[in-house]
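**Q** sequence and predicted model, in that order:
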Number of protein chains: 2
Amino acid sequence: MAVPSPQALSKLKAALGPKGWSEDADTLAPYLREWRDRWQGHTPLLLQPGSTAEVAAVVAICARHRVAITPQGGNTGLVGGQIPMGEVLLTTRRLRAIRDVSPLDDALTVEAGVTLHEAQQAALAVQRRFPLSLASEGTATVGGVLSTNAGGTSVLRYGMARNLVLGIEAVLADGRVFNGLKRLRKDNTGYDLKQLLIGAEGTLGIITAATLKLSPVLRGRATAMVGLDTPQQAVALLARAKAESGGGVEAFELMKRLGTELVLKWIPDTREPLESAPPWSVLIELGSGDADTAPAALERLLAGAFEDGLIQDAAIAANQTQAAAFWRLREEQSAGLKPEGGGWKHDVSVPVSQIADFIEEASAAVEAFEPGARISVFGHVGDGNLHYDVLCPEGADLKAFLARWEAGSRIVHDIVARYDGSISAEHGLGRLKTDEARRYKSEVELDAMRAVRKALDPLGTLNPGVLF
Amino acid sequence: MAVPSPQALSKLKAALGPKGWSEDADTLAPYLREWRDRWQGHTPLLLQPGSTAEVAAVVAICARHRVAITPQGGNTGLVGGQIPMGEVLLTTRRLRAIRDVSPLDDALTVEAGVTLHEAQQAALAVQRRFPLSLASEGTATVGGVLSTNAGGTSVLRYGMARNLVLGIEAVLADGRVFNGLKRLRKDNTGYDLKQLLIGAEGTLGIITAATLKLSPVLRGRATAMVGLDTPQQAVALLARAKAESGGGVEAFELMKRLGTELVLKWIPDTREPLESAPPWSVLIELGSGDADTAPAALERLLAGAFEDGLIQDAAIAANQTQAAAFWRLREEQSAGLKPEGGGWKHDVSVPVSQIADFIEEASAAVEAFEPGARISVFGHVGDGNLHYDVLCPEGADLKAFLARWEAGSRIVHDIVARYDGSISAEHGLGRLKTDEARRYKSEVELDAMRAVRKALDPLGTLNPGVLF
């Protein structure tokens, strides 16, 4: 796509007025830098529309003048899909209204720029819960979370972002507004366009508002840290927890010892949860509608698992503070790796039953390719989703190690593909993984995706740097 | 679309061999008649492919020769989407394999012609549950259920068909096979094509197999029939049940007195569940992972609701037989109407919070249009989904009454639209409702749907008589 003409840029500015755009380098800077510093973008113009109508106006101008747009939410994405490389940048941060909350419908309608945390709070204010939860929820916006079909720690029970949406409002590529803000649970009247827009990384339309599906607030919660010898035991324990709890498993998070050690080493105010320092541990949380069911169910589950030799060690959180401390050990896994110089990061999924085999095979292959590499594994067992990170061997040259990232990742991803897995379980493809994903997809699937995109964005103005 | 040429028909026959097709009137008859006798179709040829490769072969021939195809599963659809009107008819009934069942993945892969009941049984055989459940499950096939995004009685807890699918295999309009049979919970690598194919009523591809998401078997269940004065009380009771049970509400089904009376009148071996014969009743079912939690929770819920004057009467099922008797009263609601000569049927949804207002407004409008009309209402409160049926006034001319169906439905649907509802909550549009739906959809939405369809089926050979 060509560089936008001065004429097009001045029309865009005129459509939004002085508060609605910026070319100032200092203002632009935070929008152009990805938070892990992997991408530094550039743009001729930052658009800051304050309403759906303003989004529609600028998207229409872009279509008329063939100006490419990169939409951006909270700029917390991990694959660079929100960073413009010459495109006009459209931030949704001024779309801030909480339009409607309806507890009897378990529905909350918010604009795209509302943060995930604010949406959660708006739900809590009417004794409901928006269960989607992830580390960056204070900054990540609803629009971004839906555009990337975000996951997080509660997918096991509540599903991905796409399962938590009743309706979508979006500006399509020609600047028209699709108003699909329904509060309905059931609506079989043609193709589900919202499901197409969710996870499309801004390539099929720009989400401006959404009606989110709320859940009951849990009155009972029980949290434990459990020590295991192998990932296979974690899979078996999960099956047992699901069967016994009748759907009450809120979280089931696996951590390899290395990751926990690094959290303990680098993150202040953390402490060893299990004296046995087991090779693998699982953070398990059960929830219930009353106060008592979850704690009783957790004790029963762990007692049975001990008896059958499935688990080696366990600590049940005695109170909220202790539960929060357990969660911190899980949430800081990524941060704990950073002071080690970072690593080759993978956000992959495989069928749950294949988790143990995958870890074994991938680790052997990585060790053969990079002797001494330290492997950190944490993730969501119930989703088959592992954050599989390879750290530099102790004492090795970090720069040379990081230069082998692509080749090393290829090894991991090839194994993922053999297990019928996904090379991007929850982060999307963005600028980082689109090429890599092309390797593993069939021509049939790629052709279908390209056809759909061409149908809804025939001029190719929406986020042209990402997806196929 | 033109009548298929003899040349095209003979190529189709040759591709399938003698067992794979039929022109025999007696063989064809049951495929051409819709089970409520609303449609009598016709076709030049019945195709009975026995494998995905055979489906692909005939769809490719149809594309080459511009032959239109209507796909059909168990022929239980209620809107005529499965009935050919000159198209070649492709039945999936010979796609019968259960390809894989993986309890650790909570995944079951079956071909499209497997019935819903058979899929449920295959899950039970490995101590899992496929929770989708509807009256025609003994005949309805997985392919049909997914193509129409079926609902049923367990949507409240488990979602529509689209929420219960991990992967899809489908033959696209050009005859190529899209293999998306993943067992993954998370896969953010581009557009979710399976979500596009689900609910597309066979217009974007022919589903040949699916990987279904299984749930734990419930070890505890508790069922009650509850008497109420108003639908608003049902909505309030549901909110309370959801909050107290922590996600354990398995079913919450509303019935108006008229429907129950007609079941008691016409259906053998049914009996009055509540002596007070309340104007409205709700069948409520709670489930739990252990035996005791659900019964205790149901008793607690009903005791509290009595105390607060929310409910007037209740009977808790003492055993499985009694629970089955309660369910029968719900499941026979539709059958109970039939001997009364049928009626104007509506499968609508509105936001849950609007159920009571909608019923009041619609009933007043129907009474004004058709004085003395008898109104039956039953449905899934948690989904806002009401089967709202208008019966002939006692003693009036049935034929003349049925002739006013379309005008009467228009009144009901206009009110549904004002409540931001849907005129087809769970049955789809098919041949029956496509025109009507066009009235209530925006041009933006229709254009987007048409563009997607044109992109994936540029020749328009797939089920051309349905959708937009």
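**A** Sure, I can see it.

**Q** check which helix or strand A:K186 maps to.
**A** Here A:K186 is covered by no helix or strand, with elements defined by DSSP states H and E.

**Q** got the contact list for it?
**A** For A:K186, the contact set (CB atoms under 8 Å, 6 or more residues apart in numbering or on different chains) comprises B:G151, B:V155, B:M160, B:S349, B:H380, B:D383, B:G384, B:N385, B:S422, B:A425, B:E426. To be clear about C-beta, it is placed using only N, CA and C from the backbone, and glycine gets the same treatment.

**Q** type out the PyMOL command that picks the buried ones from the residues you listed.
**A** The buried residues among the contacts of A:K186 can be selected in PyMOL (16 or more other CB atoms under 10 Å in any protein chain shown) with this line:
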select buried, chain B and resi 151+155+160+349+380+383+384+385+422+425+426
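
**Q** all strands for the stretch 51-200 of chain A, in order.
**A** A:69-72, A:88-91, A:98-102, A:107-111, A:128-129, A:165-171, A:177-180 (DSSP state E, counting those that start in this stretch).

**Q** give me whichever of those strands is most buried.
**A** strand A:69-72 (a mean of 28; mean count of other CB atoms under 10 Å in any protein chain shown).

**Q** same for that strand, what does it pack against?
**A** In terms of contacts (3 or more CB pairs under 8 Å, 6 or more residues apart in numbering or on different chains; DSSP states H and E), strand A:69-72 is packed against helix A:52-65, strand A:88-91, helix A:142-147.

**Q** other residues contacting that strand?
**A** By CB under 8 Å, 6+ apart, strand A:69-72 touches A:31, A:41, A:43, A:47, A:58-59, A:62, A:82-85, A:87-92, A:143-144, A:147, A:202, A:206, A:461-463, A:465.

**Q** apply 6 Å and report the result again.
**A** Strand A:69-72 is contacted from outside by A:C62, A:Q82, A:P84, A:E87, A:V88, A:L89, A:L90, A:T91, A:G202, A:I206, A:T461, A:N463, using CB atoms under 6 Å, 6 or more residues apart in numbering or on different chains.

**Q** from the residues you listed, which is closest to A:I359?
**A** Checking these against A:I359 with CB to CB, the nearest one is A:Q82 at 30.9 Å.

**Q** for that closest one, phi and psi?
**A** Torsion angles at A:Q82 (phi, psi; degrees, to the nearest 10) stand at phi -100, psi 0.

**Q** low-confidence ranges, chain A, go.
**A** A:1 (pLDDT under 70).

**Q** identify the residue nearest the residue of it most remote from its centre in space, chain neighbours excluded?
**A** Taking CA atoms, centre = their mean, the residue of chain A most remote from its mean C-alpha position is A:Q7, at 37.8 Å. Among residues not flanking A:Q7 along the chain, A:H65 sits closest, at 7.4 Å (CB to CB, 6 or more residues apart in numbering or on different chains).

**Q** now A:W280
**A** Of all residues not flanking A:W280 in the chain, A:L228 sits nearest, at 4.5 Å (CB to CB, 6+ apart).

**Q** check A:L432 too.
**A** A:V79 (4.1 Å).

**Q** how much space between that neighbour and A:V366?
**A** A:V79 sits 21 Å away from A:V366, taking CB to CB, to the nearest Å as the criterion.

**Q** just A:A119 next, same as before
**A** 38 Å.

**Q** repeat that for A:L197.
**A** 37 Å.

**Q** more neighbours, those two?
**A** More crowded of A:L197 and A:V366, by other CB atoms under 10 Å in any protein chain shown: A:L197, with 28 against 21.

**Q** for A:W327, grab phi and psi.
**A** According to degrees, to the nearest 10, A:W327 has phi -60, psi -40.

**Q** ugh, wrong one, A:R438
**A** phi -60, psi -30.

**Q** run a quick neighbour tally on it.
**A** 15.
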